[in-house]
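# requesting a structural model of the entry that follows:
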Amino acid sequence: MWSFGHSVCEIEHSHHRVVIEETRTTGGIWLFGGLALLTLSLWLTRPRPSRSTFADEAVGALAVSFFALLALYASVPSKYTADRSSGQLVIERKILFWTTRTAYNAHTIDRVYVRHTQKGSGLYVCFKSGHNKRLSWSMEFVSLEAFAASLNNNLYIHHQP
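From the prediction side, this is the model:
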């Protein structure tokens with residue numbers, strides 16, 4: 001199935017560490033970035049009355065912002081690292097020039113699992129407290145079960161679905 005320039009793959013697998021990478025959605029970056037630029041150019045070059053109101057200008061600014069934020073959302077790659085030696089699940093995301101890093105201790109995690117919806121599948125983590133958190137930002141139409149099992153195995157989490 002066409003992935004719109006987006007993929008999930010295992011980039012490292014050893015006894016002590018598993019790294020799974022979710023790439024940027026290049027098709028989304030081009031589509032929404034292009035729409036943002038087109039909307040911006042149409043907004044800036046449109047004929048204006050001598051007295052332009054704030055409401056008239058706000059619609060264009062909101063449309064440009066909407067498409068620009070969607071392009072930014074599509075440009076975020078993620079890495080999920082299950083590190084056996086540190087006993088942590090680490091999620092790294094790079095947003096423009098800024099990298100965020102979140103680490104969860106393995107002893108607080110019940111399991112990493114795949115949630116299936118009509119829009120696709122996504123990686124989630126279930127904590128022993130009962131709280132669930134979405135790991136992957138994008139929805140996939142490919143099977144993510146092997147990735148979830150790989151993360152669980154490296155964190156010594158053996159859970160039957």
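
# chain neighbours aside, what residue packs nearest to residue 128?
residue 110 (4.9 Å; C-beta to C-beta, 6 or more residues apart in numbering). Every C-beta, even on glycine, is put in place using the N, C-alpha and C of the backbone.

# show me which positions of whichever strand or helix holds the one you found end up buried.
Here residue 110, judged by DSSP states H and E, is contained in strand 109-117. Buried residues in strand 109-117, counted by 16 or more other C-beta atoms under 10 Å: 109, 110, 111, 112, 113, 114, 115.

# again with stretch 53-68
Buried, per 16+ other C-beta under 10 Å, within stretch 53-68: 63, 64, 67, 68.

# circling back: closest to residue 13 among the buried residues of strand 109-117?
residue 112 (15.0 Å; C-beta to C-beta).

# re the thing from before, what sits up against the strand holding residue 110?
Applying C-beta atoms under 8 Å, 6 or more residues apart in numbering, the contact partners of strand 109-117 are 89, 121-128, 134-135, 139, 143-145, 148, 151-152, 155, 157, 159, 161.

# and that strand, which strands flank it?
strand 120-127 (antiparallel) (DSSP bridges).

# which residues touch the strand it pairs with?
80, 89, 104, 108-115, 132-136, 138-144, 147-148, 151.

# make a ChimeraX selection of the buried ones in the residues you listed.
Of those, the buried ones can be selected in ChimeraX as follows, counting by 16+ other C-beta under 10 Å:
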select :80,89,104,109,110,111,112,113,114,115,135,136,138,140,144,147,148,151
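
# any regions of the chain where pLDDT drops low?
The chain contains residues with pLDDT under 70 at 1-6, 138-141, 157-161.

# tell me the contacts of the residue located most distally from the centre of it?
Distance from the C-alpha centroid of the chain, by C-alpha atoms, centre = their mean, peaks at residue 50 (44.0 Å). With contact set as C-beta under 8 Å, 6+ apart, residue 50 has no partners.

# part of a strand, is it?
No - counting by DSSP: H, G, I helix; E, B strand; the rest coil, residue 50 falls outside a strand, being coil.

# which positions in the helix or strand hosting residue 146 come out as buried?
Assigned by DSSP H and E, residue 146 belongs to helix 145-154. Residues of helix 145-154 classed as buried: 147, 148, 149, 150, 151, 152, 154 (neighbour count, 16+ other C-beta under 10 Å).

# fine by me, we can end here.
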